[in-house]
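Chemist: A structural model of the following input is requested.
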Amino acid sequence: MLMNYSTHCCYFPLAPNHSLPSRPSLSQSFPSSLYVSSPSLLHQLSSHYVYGHFDIKAKPVRRVKQRSNIKSKPVQKGLKIVSSKSEPLKVMISGAPASGKGTQCEMIVQKFGVVHISTGDILRAEVSAGTEIGMKAKEYMNSGRLVPDEVVTAMVTARLSLKDVKENGWLLDGYPRSSAQAQSLEKLNIRPDLYIMLDVPDDILIDRCVGRRLDPSTGKIYHIKNFPPENEEIQARLVTRPDDTEEKVKSRLQIYKQNAESVLSTYLDVMKKIDGNRPKEVVFNEIDTLLSRLQKDKEESSNSGKLARNDSQLDRSSSDEKNWRGIPTRLNNIPHSREIRKYFYEDVLQATQRAIKDGKTRLKVEISIPELNPEMDVYRIGTLMELVRILALSFADDGKRVKVCVQGSMGEGALAGMPLQLAGSRKILEFMDWGEDGAMGTFIKIGSIGGKEVEEQDDMFILVAPQNAVGNCIIDDLRAMTDAAGHRPVILINPRLKDLPGSSGIMQTMGRDKRLEYAASFEICYSFRLLYYAGTQYPIMGALRMSYPYEYELYKRVDESPKKEKYVILSKFVKRPSGEEINDAFEGKTRDKAKRATGIWGFLSSIL
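Modeler: Below you'll find the model as predicted:
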């Protein structure tokens, strides 16, 4: 069922009974649109909400103890897992029509025992039960007017206040659908631990919808290619639903994208995009891993008397939660807080994992926060080493044998040595705490950059800030290593591969094109850069972020009040934007404007 929402109101086309056989449905005599109007209704909904005759009971669940390992083992069929009573799971899920959202909702409820909440179900239940709210909703339907956002939000919050939801947690399906709705929930301190977005290519979604067929006798849905009917008798009576034409599907997809875009900035810090173009079991396995990890964190936090933390918010204090939206704030405060470092470690890790899962083997991470920017006097090599450790341990936990490689001394005579940025890095790695599981020396080894360092048992390689120096070019050693690695992943962390003068003091022109081509052959899986005014490193004007496989996201830093700030998303780019494109976005100009001088915004191009 499609629900179109405006910024201030929402419209609910109501599906006929046969399209929702297992849900409360409306009489066929009811019109196909819903209207609710009185401003006083908000108070009635929030303070005297009655759920009519629609009886909702939480199914009994059985707790299953989780293993200490971050990867939860599959649970026996028929058992359900619930989080601790003090902190149940709170999940939102979003997905385009035919993305498989309904199926995933069923599987989530089946395993985790959360209460599935759909605004369409709530409205249909009220109308079907003939409650006061339902009758007023019916009036709105008859007039064809939109249901105000505040009314829908009040109905949702009232449902969230019921006992079964408080005890078992909630799964909010397809809501909020506008920025106004999201902000209304924020003001009421209703916020998910995890915002799941199912990502499926448009052509696949269109094929799924256009190929669907309905059996009017049973209400069962088939697909002419993916799920054909059992016999010719059923085939003969199948019909195409009115909303499943290609034209209408494309329109619904466009509406969905607009709605999803409007709430993205509110939930960016807890959002996880899931590839929905896979078998439903594979999709759910990824969701299951996220929710199980989140649940385990909640249980541990509850047992220790601390506030719950999810995997993207990590262990920040409650006083920081309201200010933690998307891009961390106070990035000019040095040293960075532990929470900020963990935020970026997790962000880089997730992007790298997705890229490797997709079969990418030549990757690079470019992250330029102050503590990881060697051009700033606050550069901290320990932060770089911590990032490398997080990546290596994570892949080692998956059974991979990881070799962490550090650039050694190069060159001869007066030019012999290594870049100052990497001085002491190998010793730091050797003396770091790699845990008590014996990962170091078995699943993790430390080596240098070069073809001879590649061993048959190595599964992947993490190279710490490889860079050219005057008179010393790392490219040849790097190329030898990647050639020896073959199809095994090689990840460069903050590489600096710009061509520099040779030992004679002149540019190494011979082979320069090949070196540059090789350096560019590594695909960026994560990029984060702060944007400043020209020639300065303060104040921060914004940030540019890319996390594989998603687009580049441009943010503007906005001062909210003294000592408070936030980052607001301005635009997205499929490819890395030029300085001029970013300038246009900051100045509010469209992307097809004629080229012009960069003016005071020229600071952007110099760092890209």
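
Chemist: So for the chain, the centremost residue is which one?
Modeler: In the chain, the centroid-proximal residue (CA atoms, centre = their mean) is Lys272; its distance is 2.9 Å.

Chemist: Find the nearest non-adjacent residue to Lys166, please.
Modeler: Of all residues not flanking Lys166 in the chain, Pro88 sits nearest, at 7.3 Å (CB to CB, 6 or more residues apart in numbering). For glycine as for every other residue, the C-beta is placed from the backbone atoms N, C-alpha and C.

Chemist: Within its local environment, how many residues does that neighbour see?
Modeler: Pro88 has 23 neighbouring residues, counting by other CB atoms under 10 Å.

Chemist: One more: Glu167?
Modeler: Neighbours around Glu167, by other CB under 10 Å: 14.

Chemist: doesn't Glu87 make contact with it?
Modeler: No. In this structure Glu167 lies outside contact range of Glu87 using CB atoms under 8 Å: 11.4 Å.

Chemist: Contact partners for Arg496?
Modeler: Neighbouring residues of Arg496 by CB atoms under 8 Å, 6 or more residues apart in numbering: 374, 465-468.

Chemist: same question but for Lys250, I mixed them up
Modeler: Going by CB under 8 Å, 6+ apart, Lys250 touches Ile206.

Chemist: any idea which element it lies in?
Modeler: helix 246-267 (DSSP states H and E).

Chemist: mind checking how far that helix is from the chain centre?
Modeler: 17 Å (CA atoms, centre = their mean, to the nearest Å).

Chemist: Ok, stretch 218-237 next?
Modeler: So, by CA atoms, centre = their mean, the centroid of stretch 218-237 is 36 Å from its chain's centroid.

Chemist: For that stretch, buried residues please.
Modeler: 220, 222-223, 229, 234 (16 or more other CB atoms under 10 Å).

Chemist: Of those residues, which is the nearest to Lys427?
Modeler: His223 (60.1 Å; CB to CB).

Chemist: Report the two members of the buried residues of stretch 218-237 separated by the largest distance.
Modeler: The most distant members of the buried residues of stretch 218-237, if one measures by CB to CB, are His223 and Ile234, lying 12.9 Å apart.

Chemist: any chance of the contacts of Arg496 in TSV, plus pLDDT, secondary structure and distance to Leu554?
Modeler: Listed next are the contacts of Arg496 as TSV, based on pLDDT from 0 to 100; DSSP: H, G, I helix; E, B strand; the rest coil; distance: CB to CB, whole Å:
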residue	pLDDT	secondary structure	distance to Leu554
Pro374	76	coil	24
Ala465	84	coil	26
Pro466	84	coil	28
Gln467	79	strand	27
Asn468	75	coil	29
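
Chemist: Test my guess that Val388 contacts Asn494.
Modeler: No. Using CB under 8 Å, Val388 makes no contact with Asn494, being 9.9 Å away.

Chemist: And the two? Which one has more around it.
Modeler: Val388 (27 against 21).

Chemist: Quick one: residues contacting that one.
Modeler: 404, 429, 462, 464, 493.

Chemist: rerun at 7 Å
Modeler: Taking CB atoms under 7 Å, 6 or more residues apart in numbering, we find Val388 in contact with 404, 462, 464, 493.

Chemist: how about the helices of the stretch 201-350 of the chain, start to end?
Modeler: Assigned by DSSP state H, counting those that start in this stretch, the helices in the stretch 201-350 of the chain fall at 202-210, 232-237, 246-267, 280-304, 338-357.

Chemist: Out of those helices, which is the most enclosed?
Modeler: helix 338-357 (a mean of 19; mean count of other CB atoms under 10 Å).

Chemist: Report all helices and strands that it contacts.
Modeler: strand 362-368, helix 381-397, strand 523-532, strand 540-547 (3 or more CB pairs under 7 Å, 6 or more residues apart in numbering; DSSP states H and E).

Chemist: can I get these in JSON lines with mean pLDDT?
Modeler: Output for the helices and strands packed on helix 338-357, formatted as JSON lines (pLDDT from 0 to 100):
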{"stretch": "strand 362-368", "mean pLDDT": "93"}
{"stretch": "helix 381-397", "mean pLDDT": "89"}
{"stretch": "strand 523-532", "mean pLDDT": "92"}
{"stretch": "strand 540-547", "mean pLDDT": "90"}
